[in-house]
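K.L.:
sequence and predicted structure are below.
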Amino acid sequence: MDDLLKAIKAAKDVKDDIPSQIEEGLYLGSVEAANNKTLLKSLNITHVLTVASSIPPPYPNDFTYKTLDVHDRGDVNIARFFDDCFSYITEAKRTGSVLVHCFAGRSRSATIVVAYLMKTHGMSSSKALKLVKSKRGVVAPNAGFVLQLQSYEKSLPGSWWQLTFGSWLKGSG
């Protein structure tokens, strides 16, 4: 409980109400950024993807929301949400922009954004994570999420892993 109180106090001491643009139409941020209605509107954000538990949509009449109940723990299977999130992000980018956020914009939402870049741009997990960190310096997925990103990389067509071991894994090697 002390760690939670320290985290809340630390979060209050740092102003983080501006989302980071990762690419055209895709932003990553904190719950504070998700509550910055004026700025979200000015960035043409039409959709908000909340990857956290117990954070209700603050402006349900102004934005389209998707909320996933995900805890920031290494034992949580965040990869099971990837495809659903990718569909939502892709749809949102057709008509506007999307903000992906969790509480601090460091772990859960960052993991979703990294996986999205891996899938849509054929990036490795390390390259996608490096790109996202370059746009939002506080990004730090928990160790369990990093392992899931590395595992996800191996499943993507065209990845080094698939090209090297794919036929062998299918039994023809």
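P.N.:
Yep, that arrived. Fair warning: this is a prediction, and the values are worked out from it, not measured in the lab.
K.L.:
any idea how far I78 is from the closest residue to A79 other than its chain neighbours?
P.N.:
Excluding the flanking residues, the one nearest A79 by Cβ to Cβ, 6 or more residues apart in numbering is Q148, at 4.5 Å. (C-beta placed from N, C-alpha, C; glycine too.) Here Q148 is placed at a distance of 6 Å from I78 (Cβ to Cβ, to the nearest Å).
K.L.:
same check, this time on A140
P.N.:
14 Å.
K.L.:
more neighbours: those two, which one.
P.N.:
Set A140 next to I78 and count neighbours by other Cβ atoms under 10 Å: I78 wins out with 26 against 14.
K.L.:
pretty sure that one is in contact with S109, am I right?
P.N.:
No. The criterion here is Cβ atoms under 8 Å, and I78 misses it with S109 at 10.2 Å.
K.L.:
need the overlap of contacts for those two.
P.N.:
V51 (Cβ atoms under 8 Å, 6 or more residues apart in numbering).
K.L.:
so what touches stretch 79-94?
P.N.:
Residues contacting stretch 79-94 (Cβ under 8 Å, 6+ apart): 24-26, 46-47, 49, 51, 64, 66, 68, 70, 98, 100, 112, 115-116, 119-120, 148, 151-152.
K.L.:
quick one, helices of this structure?
P.N.:
Remark: helices assigned in the chain by DSSP state H are 2-13, 31-34, 37-42, 82-95, 108-121, 125-135, 143-155, 160-167.
K.L.:
the shortest one: how far from the chain's middle?
P.N.:
This points to helix 31-34. 14 Å (Cα atoms, centre = their mean, to the nearest Å).
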